[in-house]
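In: Turn this into a structure:
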Amino acid sequence: GVALLINSVLLYLVLWKSSKDIGNYRYLLFAFVFNDIFFTIIHAVTQPIACTYGDAFIIFATGVWSSLLSISYYAATFSQTMPLLMHLFIYRFIAMTMCWGSFYLYAPDPESLEYLKPFFVGEYAGFDYLAQLYW
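Out: Residues are numbered from 1 along each chain as shown. Below is the predicted model of the structure:
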């Protein structure tokens, strides 16, 4: 119940309250949230149990919907999470490195660098320059 409530709120925020600045990323978020809602429902109606014996791994359903088809749906929604996470990561990676890049979005101006130079040299001299720059 909690998963459905939180994912429904997240779905509402993605669809109606997110700004237009995030662009196509909202569609990836929508797919991820929709899959989470679908997975929660499938998990609730199948109530899968996993058993192992030696090298064997078996999943079977004990819920309201207990059939081979229900376990297939459960496995499909469970395994769909990884490709969705991969697409979310790739989209963010491309947005931050190839389309302007994070350096152009967050690079400090020369005045800021001059102001912070004594702090970096005195306080954090051992850190990598890039970490100091983006801090």
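In: Can you name the helix or strand that the spatially most central residue of the chain falls in?
Out: Taking C-alpha atoms, centre = their mean, the centroid of the chain lies closest to Leu85, which sits 5.2 Å from it. Taking DSSP states H and E as the definition, Leu85 sits inside helix 68-97.
In: Remind me what that helix packs against, helices and strands.
Out: helix 25-46, strand 56-61 (3 or more C-beta pairs under 8 Å, 6 or more residues apart in numbering; DSSP states H and E). C-beta here means a position set from N, CA and C on the backbone, and glycine is covered the same way.
In: and those, which is most packed in?
Out: helix 25-46 (a mean of 17; mean count of other C-beta atoms under 10 Å).
In: now for whatever helix or strand comes next after it, which elements pack on it?
Out: Next helix or strand after helix 25-46 toward the C-terminus (DSSP H and E): strand 48-53. With contacts defined as 3+ C-beta pairs under 8 Å, 6+ apart, the packing partners of strand 48-53 are strand 56-61.
In: now the strand it packs on and helix 25-46, what's the angle there?
Out: Going by axes from the mean of the first three to the mean of the last three C-alpha atoms, to 10 degrees, strand 56-61 is angled at 90 degrees with respect to helix 25-46.
In: residue contacts, Ser70?
Out: Going by C-beta atoms under 8 Å, 6 or more residues apart in numbering, Ser70 touches 42, 45-46, 61, 63.
In: one step back: so which of the helices and strands packed on helix 68-97 gets nearest Gly1?
Out: helix 25-46 (8.8 Å; C-beta to C-beta).
In: what is the orientation angle of that closest one with strand 48-53?
Out: Angle between the axes of helix 25-46 and strand 48-53 is 70 degrees (criterion: the same axes, to 10 degrees).
In: send the alpha carbons of helix 25-46 over as CSV?
Out: Extracted in CSV, the C-alpha atoms of helix 25-46 (Å, rounded to 0.1, in the frame of the first residue of the first chain):
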residue,chain,number,x,y,z
TYR,A,25,13.6,13.0,-19.1
ARG,A,26,10.1,13.1,-17.7
TYR,A,27,9.1,10.3,-20.1
LEU,A,28,11.9,8.1,-18.6
LEU,A,29,10.8,9.0,-15.1
PHE,A,30,7.2,8.1,-16.1
ALA,A,31,8.2,4.7,-17.5
PHE,A,32,10.2,4.0,-14.3
VAL,A,33,7.3,5.0,-12.0
PHE,A,34,4.7,3.2,-14.1
ASN,A,35,6.9,0.0,-13.9
ASP,A,36,7.2,0.4,-10.2
ILE,A,37,3.4,0.7,-9.8
PHE,A,38,2.8,-2.3,-12.1
PHE,A,39,5.5,-4.4,-10.3
THR,A,40,3.8,-3.6,-6.9
ILE,A,41,0.4,-4.7,-8.1
ILE,A,42,1.8,-7.9,-9.7
HIS,A,43,3.8,-8.7,-6.5
ALA,A,44,0.7,-8.2,-4.4
VAL,A,45,-1.5,-10.5,-6.5
THR,A,46,1.0,-13.2,-7.1
